[in-house]
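# Would you be able to build a 3D model of this:
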Amino acid sequence: MIIIMKPNASAQAIERVTDIVKSKGLQVHLSKGDEVTIVGVVGDKSKLRGTNLEISEGVDKIVQVTESYKLVNKKFHPEDSVIPVKNTSIGPGTFTVMAGPCAIESHDQLMECAEAVKKAGATLLRGGAFKPRTSPYSFQGLEEEGLRYMEEAGRTTGLATICEVTSLRALSMAAKYVDMLQIGARNMQNFELLKEVGRSGLPVMLKRGLAATVDEWLNAAEYIISEGNPNIVLCERGIRTYETATRNTLDISAVPVIRAKSHLPVIVDPSHATGVRAYVEPLAKAAAAAGADGLMIEVHPCPSCALSDGPQSLTFEQFDQLMENLKPYAQLAGRKLG
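Predicted coordinates:
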């Protein structure tokens, strides 16, 4: 439930309300807007019977929240969140672009990618050190060696860095080297991993599962935020359908749905959604038009030689052109591209 305070409610009135809630053993989450303060209540609401909160000084009304996710719910936090990552941020006013190779293959490959995507205007460098592949015989990533390259690339270029973590062991390694953690589609409901990234203190990007509903996705985010980490970015990367023309089916409707249901930023990964290089730009433009907060794009110096996801990776020249072509879309959305 949420307790909506009156616009003129005093700090003392708000404190009295929160004290009553806490005295019953429930959690309190304050959201202070320009006009009103909202007191979010998490826990067994039956414990508040007899407290007469609805007639307490400064209380405007009480609204029941029926969704199982609370802290990521827009009813709890009406203002859109801005997620800081190193020297940049993701959220309202910006159209953030994360770019880089699917997999970190070598020191030179990653450094070359980092310089190229920064020059084109990206503000985050992506790169996989741990690769959860369909086949156990496929390239699985350089692990800590790749993370060291990632740290060097971020330090050299000034880009923020993001890497997927696939296990508690991977998390313990990655947290020492990168600025943001990624939970991939296959781990969206790995609840122990979600809890641990919630305790890590680092910003987290949570990809939608292969066949997850929006509410399941938001409940996964609730695991992270309930551990004290509000710095979460959601990523729509396509879902599994009967269609075979593309690798997955990009659910572009998820962008406005998330924006209606949650205060968390949502970005789109058109590379994994399509699996086809030629479709990346049209869907990147569609994401911007739909209201997404940014993109995650795979870029490689030689896609035909890539050890992972070459067919969907852009060349440096193609990425340069994409960034140029996105400028009017970002401007129309009232956002700064970067």
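# domain ranges for the chain?
2-63, 83-337 (automatic domain parsing).
# So for Lys75, which of the ones you listed sits nearest?
Among these, the nearest to Lys75 by C-beta to C-beta is domain 2-63 (5.7 Å). The C-beta positions use only the backbone N, C-alpha and C, and glycine is treated the same way.
# highest average neighbour count across the domains of the chain?
domain 83-337 (a mean of 20; mean count of other C-beta atoms under 10 Å).
# OK, contacts around the spatially most central residue of the chain?
Among the residues of the chain, the one closest to the centroid is Val233, at 1.7 Å (C-alpha atoms, centre = their mean). Residues near Val233 by C-beta atoms under 8 Å, 6 or more residues apart in numbering: Ile83, Ile90, Pro203, Val204, Met205, Leu206, Leu264, Pro265, Val266, Ile267, Asp293.
# my guess is it is in a strand, correct?
Yes: the assignment for Val233 is a strand, going by DSSP: H, G, I helix; E, B strand; the rest coil.
# how close does it sit to Tyr329?
19 Å (C-beta to C-beta, to the nearest Å).
# show me where the stretch 1-150 of the chain has strands.
In the stretch 1-150 of the chain, the segments counted as strands under DSSP state E, counting those that start in this stretch are 2-5, 27-32, 37-42, 59-63, 83-85, 88-90, 94-100, 124-126.
# Neighbouring strands - and their directions - for the last one?
Strand pairing for strand 124-126, determined by DSSP bridges: strand 94-100 (parallel), strand 160-164 (parallel).
# Make CSV from those and add distance to Pro301 to it.
Below are the strands paired with strand 124-126 laid out as CSV (distance: least, C-beta to C-beta, whole Å):
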stretch, distance to Pro301
strand 94-100, 11
strand 160-164, 18
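# hang on, the earlier thing: of the strands of the stretch 1-150 of the chain, which is nearest Ala286?
Closest approach to Ala286 among the strands of the stretch 1-150 of the chain (C-beta to C-beta): strand 94-100, 13.2 Å.
# Need the residues that contact the closest one.
In contact with strand 94-100 (C-beta under 8 Å, 6+ apart) are residues 88-90, 110, 113-114, 117, 120-127, 162, 267, 288, 292-299, 319, 323, 326, 329-330, 333, 335-338.
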